[in-house]
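1. A predicted structure for the sequence below; I have some questions about it.
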Protein chains: 2
Amino acid sequence: MNILITGGAGFLGQQLIARILSQGGLRLADGHGTRTESIGRITCFDQGLGTLQDPRVRNVAGDIADAAQVRALVDRDTGVVIHLAAVVSGTAEADFDLGLRVNVDGTRALLEACRAAGHVPRVLFSSSIAVFGGDLPAVVTDATTPTPQGSYGIQKLIGELLVQDYSRKGFIDGRAVRIPTVVVRPGRPNGAASGFASGIVREPLSGLDAILPVSPDTEMWLASPRAVVTMLLRALELSAQDWGWQRSLNLPGLTASMHEEIAAVKAVAGESVAARIRYQPDEQVIRLVRTWAARFDTSRGRAMGFSADADFASIVRSYIEDNPGALAGMAR
Amino acid sequence: MNILITGGAGFLGQQLIARILSQGGLRLADGHGTRTESIGRITCFDQGLGTLQDPRVRNVAGDIADAAQVRALVDRDTGVVIHLAAVVSGTAEADFDLGLRVNVDGTRALLEACRAAGHVPRVLFSSSIAVFGGDLPAVVTDATTPTPQGSYGIQKLIGELLVQDYSRKGFIDGRAVRIPTVVVRPGRPNGAASGFASGIVREPLSGLDAILPVSPDTEMWLASPRAVVTMLLRALELSAQDWGWQRSLNLPGLTASMHEEIAAVKAVAGESVAARIRYQPDEQVIRLVRTWAARFDTSRGRAMGFSADADFASIVRSYIEDNPGALAGMAR
């Protein structure tokens, strides 16, 4: 079986590909049971070429909104499509047209390609908790109405609706998961407005100063890259019957305050590392983050076998294990 | 001030244009009060030419999904845009691509045209209660999560999300109203799956037999064309401040069973006219209608000054008053 991963050159895509390769196959349930499909080829599609080299990985660079190009990516053996390609929140807000083009047109081009293939591939769409915001209940549940406050959340919700309808029509077997804020993102900051939640761990550990632009008691809904990769694979494994009618799901995560993040850095890496975090309030970021959902009751997701990180310290530890090269700050 | 009405050649568009012309102007509130804007030109845009002739009406035929064509419809004096153009429910379900093209691409083309005009026109989007469906609470409230069960509802909800975001970004001053099932639609049946609710009144009154494909105790959420036109004008009149953040609204309507419809036909037009309605269950229609919302608590809409018909008999009477030529069945 072939797999297509859009946005596959990003850090999450690369971790996902590495995990699939190390497993050697994908577990997929259907109405009859669970089988393990061995991997023929993984196509890693992104704006630039993926860096992970493996005989089973084909790195392709291109434009997700180019329908013809995307059509060529899905062949009869493409049993699974994982759609990670997206313009992130800050960028989608700053460049409205780019956001629509990539997040809406790109998603539609991909869904059309999957429909045209004719064999109803399993399609996983990475949505986001950014579909929630504004005047929310204290705890967001599976029944809470999405009320996106920014273009990114709007565009992700439109993608979910398309996945829902393409699935209902029998064009694809779709699943959309609303991913918590992913921490700790390795590498350089991206355009995500939530980037500081990773920055205040990543930068101090690598010997750099970091700025916390929101109050330390600000809570966020978080998950580690490891946990997210595990949950993505779970979302694919579940059968269409397991998913049922509603193809969107709030993924489990961990509610943590920035104070808890700092404490975890302190506990794992020491006082001097944590001292590199400076609190410098940014009213614009504060206003934005105030509209985000931080507490969820993910009963449906837990019943479907999804789970996230136990505590923030384990998130920091998994980052350290996965990124040995990014710890210059700890060596001093 | 100029007005653009897409889908203006349809029966609702024509009634709306007639009402605006007879009023001679549009009441528009802003932060400072309510003014009446006199009408310069009304552009009636549709697939075919509108039949209503008036020196102030410019009838234009074209394709709502043709971005260049739509761009040319919105000039600097276009203060109000009313977007009625749509592929209806049955057609959107039968022709998925046409539904996406008209209901999504067309809406986007229009919103882009309004954005490009640069003067933040007031844009009214006709959404539908078809955004609700499936496993619903007994009474749908302003807080109920939209769960569209068909392509039409999905596409209307995508339109709402775009209107919401274009408004938030300050590109337009948008409003989206979820219109109840409109009865009695004059003229010939269209592709709407709910068409029978009009047919069982319209056909008997014009001397034709009509089929009721669902159980007589089936309830629906209804409004007359007159009430809908009044509510559309109210949606335009209200200021951006009156609307606030949330630009989508469930409009008031009337819950009536098909039995009540038949009784109203009997009361207004007599036993022999009502006898032209034949109950002939259609399992496919029954399954579809079962997923529709029939009871709403429209507190927000009522607080904003919207109201619908008092009872079904007044809906029948308003149809008779508005369509004197369509009553061959009563003359006998």
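-> Structure received. Residues are numbered from 1 along each chain as shown, chains lettered A, B, ... in the order given.
2. near chain B, which residues of the stretch 201-332 of chain A?
-> Contact residues, the stretch 201-332 of chain A versus chain B (C-beta under 8 Å from any C-beta of the partner chain): A:W245, A:Q246. All C-beta spots, glycine's among them, are computed from the backbone N, C-alpha and C.
3. list the contacts for the spatially closest residue to A:A117 that is not a sequence neighbour?
-> Closest residue in space to A:A117, ignoring its immediate chain neighbours: A:V74 at 4.7 Å, by C-beta to C-beta, 6 or more residues apart in numbering or on different chains. By C-beta atoms under 8 Å, 6 or more residues apart in numbering or on different chains, the contact set of A:V74 is A:L4, A:V81, A:A113, A:C114, A:A116, A:A117, A:P121.
4. partner strands of the helix or strand containing A:L249 and their direction?
-> Per DSSP states H and E: A:L249 is located in strand A:248-250. Applying DSSP bridges, strand A:248-250 is found paired with strand A:173-179 (parallel).
5. roughly how far is the strand it pairs with from the heart of the chain?
-> Chain-centre distance of strand A:173-179: 11 Å, with C-alpha atoms, centre = their mean, to the nearest Å.
6. re earlier: how far does the strand holding A:L249 sit from the chain's center?
-> The answer for strand A:248-250 is 13 Å, by C-alpha atoms, centre = their mean.
7. which helices and strands sit right next to the next helix or strand after it?
-> Of the helices and strands lying after strand A:248-250 in sequence (DSSP H and E), the nearest is strand A:254-257. Applying 3 or more C-beta pairs under 8 Å, 6 or more residues apart in numbering or on different chains; DSSP states H and E, one finds that strand A:254-257 contacts strand A:219-223, helix A:312-322.
8. just name the most buried of these.
-> Most buried of the helices and strands packed on strand A:254-257, by mean neighbour count (mean count of other C-beta atoms under 10 Å in any protein chain shown): strand A:219-223, with a mean of 24.
9. mind saving the C-alpha coords of it as PDB?
-> Taking C-alpha atoms only, strand A:219-223 is exported to PDB below (Å, rounded to 0.1, in the frame of the first residue of the first chain):
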ATOM      1  CA  GLU A 219      -3.400  27.900  30.300                       C
ATOM      2  CA  MET A 220      -3.200  26.100  26.900                       C
ATOM      3  CA  TRP A 221      -4.300  22.700  25.500                       C
ATOM      4  CA  LEU A 222      -1.200  20.900  24.600                       C
ATOM      5  CA  ALA A 223       0.200  17.700  23.200                       C
END
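10. show me which positions of the next helix or strand along the chain from that strand end up buried.
-> Scanning forward in sequence from strand A:219-223 by DSSP H and E, the next helix or strand is helix A:225-237. The neighbour-count check on helix A:225-237 (16 or more other C-beta atoms under 10 Å in any protein chain shown) flags A:225-237 as buried.
11. okay if I get the residues you listed as JSON lines plus pLDDT?
-> Formatted as JSON lines, the buried residues of helix A:225-237 follow (pLDDT from 0 to 100):
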{"residue": "A:P225", "pLDDT": "97"}
{"residue": "A:R226", "pLDDT": "97"}
{"residue": "A:A227", "pLDDT": "98"}
{"residue": "A:V228", "pLDDT": "98"}
{"residue": "A:V229", "pLDDT": "98"}
{"residue": "A:T230", "pLDDT": "98"}
{"residue": "A:M231", "pLDDT": "98"}
{"residue": "A:L232", "pLDDT": "98"}
{"residue": "A:L233", "pLDDT": "98"}
{"residue": "A:R234", "pLDDT": "98"}
{"residue": "A:A235", "pLDDT": "98"}
{"residue": "A:L236", "pLDDT": "98"}
{"residue": "A:E237", "pLDDT": "98"}
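12. got a list of what A:D217 touches?
-> A:S257, A:M258, A:H259.
13. quick check, pLDDT for it.
-> A:D217 carries a pLDDT value of 96.
14. ok, A:A192 next?
-> Reading off the model, A:A192 has pLDDT 80.
15. how close does the nearest residue to it once chain neighbours are set aside get to chain B?
-> Distance criterion C-beta to C-beta, 6+ apart; nearest residue to A:A192, sequence neighbours excluded, is A:V88 at 4.3 Å. Per C-beta to the nearest C-beta, to the nearest Å, A:V88 is found 16 Å from chain B.
16. neighbours of A:V88, just the number please.
-> 20 (other C-beta atoms under 10 Å in any protein chain shown).
17. domain ranges for chain A?
-> A:2-180+A:225-250, A:196-219+A:254-297+A:309-331 (automatic domain parsing).
18. what is the end-to-end distance of the first one?
-> It refers to domain A:2-180+A:225-250. Distance between the two ends of domain A:2-180+A:225-250: 27 Å, counting by C-alpha to C-alpha, to the nearest Å.
19. what's the answer for stretch A:34-50, then?
-> Stretch A:34-50 has an end-to-end distance of 30 Å (criterion: C-alpha to C-alpha).
20. how about it: buried residues?
-> For stretch A:34-50, the neighbour count (16+ other C-beta under 10 Å) marks A:I39, A:I42, A:T43, A:C44, A:F45, A:D46, A:G50 as buried.
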